[in-house]
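*Asks:* Below are the sequence and a predicted model for it; my questions follow.
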Amino acid sequence: MTNASIAWQVLGDPTRRNIFERLARRPMAVVEIADELPVSRPAVSQHLKALKDAGLVVVSRDGTRRIYHVDPKAVEAMRRYLDRLWDKAVESFKDFAERQEELSDSKGEKQ
Amino acid sequence: MTTARSALASVRKDLTIKTSPAHAFRTFTELFDQWWPRSHHIGKAELKKVVLEPAQGGRWYEIGVDGSECNWGRVLVWDPPARLILAWQINADWQYDPRLVTEVEVNFVAEGPNLTRFTLEHRNIEKFGIRAQEMWNAFDSEGGWTGILNTFAKLAES
């Protein structure tokens, strides 16, 4: 079975789907999810385990709390990539904008 | 939680530029092609030009040397010379995805007669984690289950 069809089966449960949609919006701890839904904490934990086993969410630690995220490996890789890209881009932008400024200065065409 | 979330899900840049906000804004937008790193583009053809149409709703796209066009996104907020919000709609597979919207907000604040505080934030990066294509395919193949598709679509547009 492909990852996608496992994911589909796991998300066939409405409560699980609801939890997954909430995690897609922001990472959350079990207690936060349980507070927002008419579901007990142990039940939320069971659903999270199913989502985790399907590779849909993973866990990180924030002090003593376990925080659930949607696929953060892809997110973190993307974040790092974009961080480098924007570093390069804004440096290039700064250099270019300041060079243009000097050019217009030297021509006496200040805006 | 807010801190943990933003640390995970956004990229921020903050620098001072020796020019006016008006000039910085114009350079960032109208002259986008002239400062954007040439190596970063998504089309198969070599990059000829990147265009950021200078208006609300304007397109943001690249043109290849063979004339082909690839969308990157669009202008969500056009508020010269102070603020610009772009929709970055390139997914983790380096394809344009109209259902994906991540935001790039750029602010230009005067700090002196010829000095601009420039900040850039690329946010909603968590949306890259939904494994969009794989999921859409799975749901599409089942047909009729449109509820979750709509939820994702709303998420992507929120």
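*Replies:* Thanks, I have it.
*Asks:* Now the closest residue in space to A:R61 that isn't next to it in sequence: which helix or strand?
*Replies:* Closest residue in space to A:R61, ignoring its immediate chain neighbours: A:I67 at 7.1 Å, by CB to CB, 6 or more residues apart in numbering or on different chains. To be clear about C-beta, it is placed using only N, CA and C from the backbone, and glycine gets the same treatment. Taking DSSP states H and E as the definition, one finds A:I67 inside strand A:65-70.
*Asks:* The helix or strand following that strand vs strand A:65-70, what angle?
*Replies:* Toward the C-terminus, strand A:65-70 is succeeded by helix A:72-106 as the next helix or strand (DSSP H and E). Between the axis of helix A:72-106 and that of strand A:65-70 there is an angle of 80 degrees, by axes from the mean of the first three to the mean of the last three CA atoms, to 10 degrees.
*Asks:* How far off centre is helix A:72-106?
*Replies:* Relative to the centre of its chain, helix A:72-106 is centred 22 Å away, using CA atoms, centre = their mean, to the nearest Å.
*Asks:* Just list what that helix packs against, helices and strands only.
*Replies:* If you count contacts as 3 or more CB pairs under 8 Å, 6 or more residues apart in numbering or on different chains; DSSP states H and E, helix A:72-106 packs onto strand A:57-62, helix B:2-9, strand B:11-17, helix B:21-29, helix B:32-35, strand B:115-123.
*Asks:* sorry, back to before: quick one: the residue nearest to A:R61 and A:A29 touch, right?
*Replies:* Yes: counting by CB atoms under 8 Å, A:I67 does reach A:A29; the two are 5.5 Å apart.
*Asks:* So the two - more neighbours on which side?
*Replies:* Comparing A:I67 with A:A29 by other CB atoms under 10 Å in any protein chain shown, the one with more neighbours is A:I67, at 22 against 18.
*Asks:* Give the bridge partners for the more buried one, please.
*Replies:* A:A29, A:S60 (DSSP bridges).
*Asks:* In contact with it, which residues?
*Replies:* For A:I67, the contact set (CB atoms under 8 Å, 6 or more residues apart in numbering or on different chains) comprises A:P27, A:M28, A:A29, A:V59, A:S60, A:R61, B:A4.
*Asks:* Now do it against A:V10, distance only.
*Replies:* Remark: distance between A:I67 and A:V10 (CB to CB, to the nearest Å) = 20 Å.
*Asks:* Also B:G67?
*Replies:* 45 Å.
*Asks:* The two: who's more crowded?
*Replies:* Counted by other CB under 10 Å, B:G67 and A:V10 do not tie: A:V10 has more neighbours, with 19 against 8.
*Asks:* so how many other residues sit close to residue 64?
*Replies:* Reading this off chain A. Using other CB under 10 Å, A:T64 is surrounded by 6 other residues.
*Asks:* I was after chain B.
*Replies:* B:G64 is flanked by 17 other residues according to other CB under 10 Å.
*Asks:* same question, B:R38
*Replies:* Around B:R38 there are 10 other residues, counting by other CB under 10 Å.
*Asks:* Outline the domain layout of chain A.
*Replies:* Annotated domains of chain A cover A:3-70, A:72-111 [automatic domain parsing].
*Asks:* Throw those into JSON lines and include mean pLDDT, thanks.
*Replies:* Listed next are those as JSON lines, based on pLDDT from 0 to 100:
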{"stretch": "domain A:3-70", "mean pLDDT": "83"}
{"stretch": "domain A:72-111", "mean pLDDT": "80"}
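*Asks:* so which of the ones you listed is the most packed in?
*Replies:* domain A:3-70 (a mean of 17; mean count of other CB atoms under 10 Å in any protein chain shown).
*Asks:* Can you list the low-confidence ranges for chain B?
*Replies:* Along chain B, the model assigns pLDDT under 70 to residues B:1-9, B:93, B:129-158.
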